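>>> What follows is a predicted structure for the sequence shown.
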Amino acid sequence: MKEICIVTNYFPPETGAASNRISFLATLLSKKGYKVTVLCPLPNYPKGQIFKGYRRSFFRKEAQANISVHRLWLYATNSKNKWKRLFSMLSFSVSLLFYRCFKKPAEVVIIQSPPLLIAYSAISLYASNKRKVILNVSDLWPQAGLDLGALKKGKFYNYLKTIEAYNYTKADMVMGQSQEILDHVRSIHPQKEMVLYRNFPDIKFNTDSTISINATVKIIYAGLLGVAQGILELCKHIKLPENVELHIYGDGPEKQALLQYLDSANKNNIICHGEVSKSELQTLYENHHIALVPLV
């Protein structure tokens, strides 16, 4: 049986697009007959704290269906301080190094990017003529950081650009979640083998459900409450009619600031409910009129 190892910074029980995407990919590969191992940190995202049940651990091995999940220690944080975030990435990179010293790599290694530095560490550890390294690119860092205002042009930005180019160079193949991502990589490496891998959620909606058109119009946002989504700024500027409500589900770095703002601004038609399970979320979508998908 051919072995595939997936190195990712996000994996269930963590929530979010990256976690769901990698989990779905691992499940599909397992169903295709591959022996799949996932290397990831102890679950901490997006709260920035190691989840209950995993604390005081440096390593945890689990089985999810036919997938072997190896969870490694890291310094957990969701701070906006870039140096704390950098230290968190470096801590997981060190754990990967120790793991690599004692565990023989699989024939194929799929590495998630971003985070850029973790992808760089994983590629440096696993790139070899003896195995195939596939880089899965879901966001174009550091350009995305520049667009979000999280980074500024300068020495550090140029250093990240060098790392980005190195990752594309050393990878045998690049998977991208959009055509724009693949076009960007092709502008750097025209001959690189590439494949477009879209996000397709494994959700079946009840198409028979109906909502009264005379009812209060309900808008739902479900996802990460982070800088890239800009939910806090959206709530500060949006003006909703009296018969319209915005319901927010999720967690992340901006959650506390969002709750404080909603409490002080007295916006009664914007409600932040916190995080819910994937199964609950499917029912919630069916009971709302509009789904909101924002990005800064």
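That came in fine, so what should we check first? Numbers count the residues shown, from 1 in each chain.
>>> Tell me if I am right that Ser19 is in a strand.
No. Going by DSSP: H, G, I helix; E, B strand; the rest coil, the assignment for Ser19 is helix, not a strand.
>>> Let me know whether it touches Ile6 as I believe.
No. Counting by CB atoms under 8 Å, Ser19 does not reach Ile6; the two are 11.9 Å apart. Every residue, glycine included, has its C-beta placed from N, CA and C.
>>> Compare the two (neighbour count), which wins?
Shown here are Ser19 and Ile6; by other CB atoms under 10 Å, Ile6 has more neighbours (25 against 21).
>>> For that one, name its beta-bridge partners.
Val38, Ile110 (DSSP bridges).
>>> just Glu245 next, same as before
In beta-bridge terms (that is, DSSP bridges), Glu245 pairs with Lys218.
>>> who's in contact with it?
With contact taken as CB atoms under 8 Å, 6 or more residues apart in numbering, Glu245 is in contact with Thr216, Val217, Lys218, Ile219, Asn269, Ile270, Ile271.
>>> Please, which helix or strand holds the last one?
Under the criterion DSSP states H and E, the helix or strand holding Ile271 is strand 270-274.
>>> Identify all contacting residues around that strand.
235, 238, 240, 245-251, 255, 258-259, 262.
>>> Paired strands for that strand, with orientation please.
Counting by DSSP bridges, strand 270-274 is paired with strand 244-249 (parallel).
>>> and the strand it pairs with, how far from the chain's centre?
23 Å (CA atoms, centre = their mean, to the nearest Å).
>>> mind exporting that strand as CSV, just the C-alpha atoms?
Extracted in CSV, the C-alpha atoms of strand 244-249 (Å, rounded to 0.1, in the frame of the first residue of the first chain):
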residue,chain,number,x,y,z
VAL,A,244,-33.0,42.3,8.9
GLU,A,245,-30.7,40.4,11.3
LEU,A,246,-27.0,39.4,11.0
HIS,A,247,-26.1,36.2,12.8
ILE,A,248,-22.4,35.5,13.4
TYR,A,249,-21.0,32.0,14.2
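>>> Okay, now the unreliable bits of the stretch 151-296 of the chain?
200-214 (pLDDT under 70).
>>> still on that earlier bit, quick check: buried residues in the strand holding Ile271?
Neighbour counts using 16 or more other CB atoms under 10 Å place Ile270, Cys272 of strand 270-274 among the buried residues.
>>> what does stretch 132-150 give?
So for stretch 132-150, counting by 16+ other CB under 10 Å, buried means 132-142, 144-146, 150.
>>> Can you measure across that stretch, start residue to end residue?
By CA to CA, to the nearest Å, the extent of stretch 132-150 from end to end equals 33 Å.
>>> Please apply the same query to stretch 103-120.
Stretch 103-120: ends 19 Å apart by CA to CA.
>>> Give me the distance between that stretch and the centre of its chain.
Relative to its parent chain, stretch 103-120 has a centroid offset of 15 Å by CA atoms, centre = their mean.
>>> same deal with stretch 4-14?
9 Å.
>>> Nothing else from me, thank you.
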